[in-house]
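In: turn this into a structure:
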Amino acid sequence: MTNAFSFIPEQASTLAPRVDALLLAVAGMTGLVAFGVIVVMFFFLVKYRRENQVDRTLASPQIRHRVQRRIELVWIFVPMALFVVVFAWGAELYFEHYAAPPDAQPIFVVARQWMWKLEHPSGRREINELHVARGTAVNLIMTSQDVIHSFFVPAFRIKQDVLPGRYTSLWFQARESGEFHLFCAEYCGTDHAHMGGRIVVMEPAEYARWLNAGEVSLSMAQRGEALFRQLGCSGCHGANAAVHAPKLEGLFGKPVPLADGGVTIADERYIRDSILDPGKEVAAGYAPIMPSFAGQVSDEQILDLIAYIESVSAQERTAP
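Out: Residues are numbered from 1 along each chain as shown. Below you'll find the model as predicted:
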């Protein structure tokens, strides 16, 4: 675990060293500029103090104009160049970490006052703790049941707001085994300070044993398939359905032309909105006849349905 008196937390993810390098570079640059300003200030205080008899004017107006122009150019372009370098560095880091790798393991997170509920695709559920394998990219797909929360793991240098009615994502790859603190970094009510947990990073073989230990339960996709049929969705979206409705095979992650002429991506957000507010984005070529299931399914059940639709799409892509 992290030393309580350490200047910065340990670098437990692949992202952490790069974030620290940027932070230290910015801190060093600003510290160097501040030190230079202080040195020059004290130099002028001593050299040009009132009782010191020194020449306080330049030799001629031409020299004064030339010196002033050089100082102005340096003061404008040197800081601007430094800011551009820092901006490009930060932007490269942000965009590289914005999208999870295609093979990242999805973990579904539902936040509520005052706990974290996490679920693996296999159906294994956890509360206020998350077990992952060292060296495996993990993609967190998160939503909130009530207010805004924020998923924050200092040792991984990751933090992402978790919003009600929306999905946000965050990915990381742990490079060290051990236990690391999980916090909510957004004030979310009376017991906000107690909304914490831990990330348990295990060796891959140990993680595989942990994941398969205990009672065997249905996976999220299997529960989603059962719910899909229970709600009657297969009557319209099934392969032999008589109703003209969009097919789900090969849908997830693909562009969807809309009736209003726009195009969207069939991601978690789109599927959630299609379940709760089907008239929001109607697929081109289809009538807006799908009923809303708002109030009939929970956030966990929506995630099960998403996992099922994603599994159907994956089967379609791997079919010969």
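In: which of the residues in the helix or strand harbouring Arg209 are buried?
Out: Secondary structure assignment for Arg209, by DSSP states H and E: helix 204-212. Neighbour counts over helix 204-212 (16 or more other CB atoms under 10 Å) mark Tyr207 as buried. C-beta coordinates here come from the backbone N, C-alpha and C atoms, glycine included.
In: do stretch 197-205 as well
Out: By neighbour count on 16+ other CB under 10 Å, the buried set for stretch 197-205 is 197-202.
In: for these, which one is nearest Glu10?
Out: Within those, the smallest distance to Glu10 is 11.6 Å, found for Val201 (CB to CB).
In: and the gap between the nearest residue to that closest one once chain neighbours are set aside and Arg272?
Out: Nearest residue to Val201 in three dimensions, chain neighbours excluded: Ala174, at 4.2 Å (CB to CB, 6 or more residues apart in numbering). Look at Ala174 and Arg272: by CB to CB, to the nearest Å, they are 28 Å apart.
In: repeat that for Leu258.
Out: 16 Å.
In: between the two, which is the more surrounded one?
Out: Between Leu258 and Arg272, counted using other CB atoms under 10 Å, the more crowded position is Arg272 (20 against 14).
In: any idea which helix or strand carries the more buried one?
Out: helix 268-276.
In: for the residue lying farthest from the centre of the chain, report the pLDDT, please.
Out: No residue in the chain sits farther from the centre than Gln53, which is 61.8 Å out by CA atoms, centre = their mean. pLDDT for Gln53: 74.
In: the most centrally placed residue in the chain: what secondary structure?
Out: In the chain, the centroid-proximal residue (CA atoms, centre = their mean) is Leu170; its distance is 2.8 Å. With DSSP: H, G, I helix; E, B strand; the rest coil as the basis, Leu170 sits in strand.
In: got a list of what it touches?
Out: Residues near Leu170 by CB atoms under 8 Å, 6 or more residues apart in numbering: 139-140, 142, 151, 158, 160.
In: just Ile289 next, same as before
Out: Val243.
In: can you do 10 Å?
Out: Ile289 is in contact with 236, 243-245, 278-279, 282, counting by CB atoms under 10 Å, 6 or more residues apart in numbering.
In: before we move on, what about Arg209?
Out: For Arg209, the contact set (CB under 10 Å, 6+ apart) comprises 202-203.
In: tell me which element Leu45 is part of?
Out: When elements are assigned from DSSP H and E, Leu45 belongs to helix 16-47.
In: counting by contacts, list what the longest helix seen in the chain packs against.
Out: The longest helix of the chain (DSSP state H) is helix 61-98. Judged by 3 or more CB pairs under 10 Å, 6 or more residues apart in numbering; DSSP states H and E, the packing partners of helix 61-98 are helix 16-47, strand 168-173.
In: these: which one's closest to Leu118?
Out: Among those, strand 168-173 comes nearest to Leu118, with 12.5 Å by CB to CB.
In: ok, the following helix or strand past that closest one: who's next to it in the sheet?
Out: Next along the chain after strand 168-173, taking DSSP H and E as the criterion, comes strand 178-184. Within its sheet, strand 178-184 is paired with strand 149-153 (antiparallel), strand 196-202 (antiparallel), according to DSSP bridges.
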